[in-house]
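> Provide a 3D model corresponding to the input given below.
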Amino acid sequence: MNAGGRLSFAIDREQIHHREETYMPGPSARTATVLAGAALLLVSGCASDGGDDKIQTIEAATAAESPVPSNTPTGTVTPLAQRIAAATFDPSTGTVAMLTDDARTLLTVSATDPAAAPREVALPGGTASLSAPRDGVLAVPAGRGVATVNIADGTATTIPVDADVKSTALLGDGRIAVGTADGDVLEIDNSGAVAHTVDGLVSVDALGVVGDEVSALDRQQTSVTEINLDDDRPGMALRAGTGATNLITDNFGRILVADTDGGALLSFTADPLMMHQKYPVANSPYALAVDATTGMVWVTVTATNEVIGFDLSTGSPVEKHRYPTVRQPNSVAVDSETGTVFVASGTGDGVQRIDVAAH
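Numbering: from 1, shown residues only. Here you go, the predicted model:
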């Protein structure tokens with residue numbers, strides 16, 4: 001611990017523990033065998049007064065640059081000049097929401113009419129990151145603030161935050177979890193008042209919520225950490241591959257992570273935090289989405305312009321679908337009512353609609 005009382009976390013890359021557990025991803029899933037263990041992140045000793053925190057970090061992983069597609073994208077492609085960095089689906093309004101790479105424009109379009117001109121919602125700009133919507137509302141990082149967007153009418157309100165916001169997650173009752181560039185997780189209300197603060201990470205690049213459990217992805221430590229907001233402290237932390245980029249959660253109780261540099265799809269559960277599956281995915285896996293009805297996990301691979309659908313219910317992921325996509329598929333969303341997959345291009349090559357049932 002340093003003089004300021006800040007906890008330091010260091011990855012012990014030699015201590016890897018393998019074990020078997022039973023895993024029930026959802027009420028309809030079968031018992032599965034754990035495929036991989038994970039390395040615990042160990043709390044380092046106290047630094048000397050005035051010394052720097054001794055935290056082992058890596059250069060944050062990024063998506064591989066995509067080549068010009070060699071195959072025609074499956075389904076239909078709607079022209080869209082903007083470069084899209086993140087996407088999500090809101091089941092309450094049946095809307096696909098897409099965020100531009102400068103985080104200054106949120107585009108929303110009905111999942112049943114993707115050819116329609118999207119509504120454009122102007123935003124302050126910041127980190128291009130989207131988490132799951134809640135009750136028709138999205139929270140978007142907006143520099144030193146959080147922009148909340150009513151998806152139905154396109155109205156946006158900015159909540160000030162005294163930090164550089166990197167990620168958000170809606171908690172309900174007007175509460176928002178905010179991840180910062182300085183490695184803190186804050187719980188704020190809709191006025192910006194801070195109720196809880198958890199520190200100890202390097203950078204909080206994504207946040208996920210499973211029930212009452214909050215988890216954080218730190219790209220520079222390639223780690224997933226439990227966040228105990230009520231206790232104002234971090235919980236258990238596990239290494240997430242060798243270069244994790246994105247994290248999502250789902251209603252099956254899973255925390256899913258794309259290990260982009262390590263070429264793998266990782267599956268964790270919370271309370272306690274535990275890795276259950278590590279499955280190789282070649283060619284730079286990056287964006288993630290889950291079909292809330294079937295549990296199918298969709299992963300884009302940017303090095304080959306593809307999106308892959310995996311069934312994780314048996315304990316060992318099974319590839320069920322693989323489709324060519326638009327160039328630079330940095331974002332993906334799934335309509336949980338129909339199973340339709342939407343892939344948006346990070347180079348302005350449009351948004352792709354794949355009717356999985358027809359292909």
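> output stretch 128-143 as CSV, restricted to C-alpha atoms.
Backbone C-alpha positions of stretch 128-143 (Å, rounded to 0.1, in the frame of the first residue of the first chain) are rendered in CSV as follows:
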residue,chain,number,x,y,z
ALA,A,128,-16.6,5.0,-27.4
SER,A,129,-18.0,2.4,-25.1
LEU,A,130,-21.6,1.0,-24.6
SER,A,131,-22.9,-1.2,-21.8
ALA,A,132,-26.3,-3.0,-21.7
PRO,A,133,-29.3,-0.6,-21.7
ARG,A,134,-31.8,-0.7,-18.8
ASP,A,135,-35.5,0.2,-19.1
GLY,A,136,-34.9,1.9,-22.4
VAL,A,137,-32.0,4.0,-21.2
LEU,A,138,-28.3,4.0,-22.2
ALA,A,139,-25.4,5.4,-20.3
VAL,A,140,-22.5,6.6,-22.4
PRO,A,141,-19.0,7.8,-21.3
ALA,A,142,-18.8,11.6,-22.0
GLY,A,143,-15.4,12.8,-21.1
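> and that stretch, average pLDDT?
Throughout stretch 128-143, pLDDT has a mean value of 96.
> next one: it to chain centre, how far?
Between the mean C-alpha location of stretch 128-143 and the chain-wide mean there is a distance of 11 Å, by Cα atoms, centre = their mean, to the nearest Å.
> what residues are up against the residue nearest to V165 when sequence neighbours are not counted?
Residue nearest to V165 in three dimensions, not counting chain neighbours: P141, with 4.2 Å by Cβ to Cβ, 6 or more residues apart in numbering. C-betas here are computed from N, CA, C, even on glycine. When contacts are counted by Cβ atoms under 8 Å, 6 or more residues apart in numbering, P141 is found next to A103, G126, T127, A128, S129, A147, V165, K166, S167, T168.
> again, but for N190
Contacts of N190 were listed using Cβ under 8 Å, 6+ apart, and they are T148, I159, G174, I176.
> distance of the residue nearest to D135 when sequence neighbours are not counted relative to T249?
Using Cβ to Cβ, 6+ apart and skipping residues adjacent in sequence, the residue nearest D135 is S92, 6.3 Å away. With the distance defined as Cβ to Cβ, to the nearest Å, S92 ends up 18 Å from T249.
> those two: which has the busier surroundings?
Taking neighbours as other Cβ atoms under 10 Å, S92 and T249 compare with T249 leading, 24 against 12.
> quick check: the more buried one touching I255?
Yes. Because the distance of 5.3 Å satisfies Cβ atoms under 8 Å, T249 is recorded as touching I255.
> overlap in contacts of those two?
Between them, T249 and I255 share the neighbouring residues G208, V210, S215, with contact defined by Cβ under 8 Å, 6+ apart.
> which of these has the largest number of neighbours?
Each of the shared contacts of T249 and I255 was scored for neighbours by other Cβ under 10 Å, and S215 scores highest at 29 neighbours.
> where in this structure is pLDDT low?
Judged against pLDDT under 70, the low-scoring parts of the chain cover residues 1-54.
> just the element for the residue nearest the centre of it, please.
With distances taken as Cα atoms, centre = their mean, the chain has L247 as the residue nearest its mean C-alpha position (3.1 Å). L247 is located in strand 244-249, with elements delineated by DSSP states H and E.
> name the residues that touch that strand?
For strand 244-249, using Cβ under 8 Å, 6+ apart, the contacting residues are 60-63, 131-132, 205-210, 215, 217, 219, 222-224, 240, 255-262, 266, 286-290.
> now restrict the residues you listed to buried residues only.
For the contacts of strand 244-249, a burial check counting by 16 or more other Cβ atoms under 10 Å picks out 60-61, 63, 131-132, 205-210, 215, 217, 219, 222-224, 240, 255-262, 266, 286-290.
> where exactly do the strands run in the stretch 251-359 of the chain?
The residue ranges that make up the strands of the stretch 251-359 of the chain, judged by DSSP state E, counting those that start in this stretch, are 254-259, 264-269, 274-280, 285-290, 297-301, 306-311, 318-324, 331-334, 341-344, 351-354.
> most neighbours per residue, which of these?
Using mean count of other Cβ atoms under 10 Å, the stretch among those with the greatest mean number of neighbours is strand 341-344 (a mean of 30).
> so which other helices or strands are in contact with it?
Packing contacts for strand 341-344, counted by 3 or more Cβ pairs under 8 Å, 6 or more residues apart in numbering; DSSP states H and E, involve strand 84-90, strand 306-311, strand 331-334, strand 351-354.
> please redo it, this time with the cut-off set to 6 Å
Contacts of strand 341-344 with other secondary structure elements, assessed using 3 or more Cβ pairs under 6 Å, 6 or more residues apart in numbering; DSSP states H and E, are made with strand 331-334, strand 351-354.
> nearest to R83, of those?
With distances scored as Cβ to Cβ, the stretch of the helices and strands packed on strand 341-344 nearest to R83 is strand 331-334 (10.2 Å).
> ok so, going back, restricted to buried residues, select the contacts of N190 in ChimeraX.
Command for ChimeraX, covering only those of the contacts of N190 found buried under the criterion 16+ other Cβ under 10 Å:
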select :148,159,176
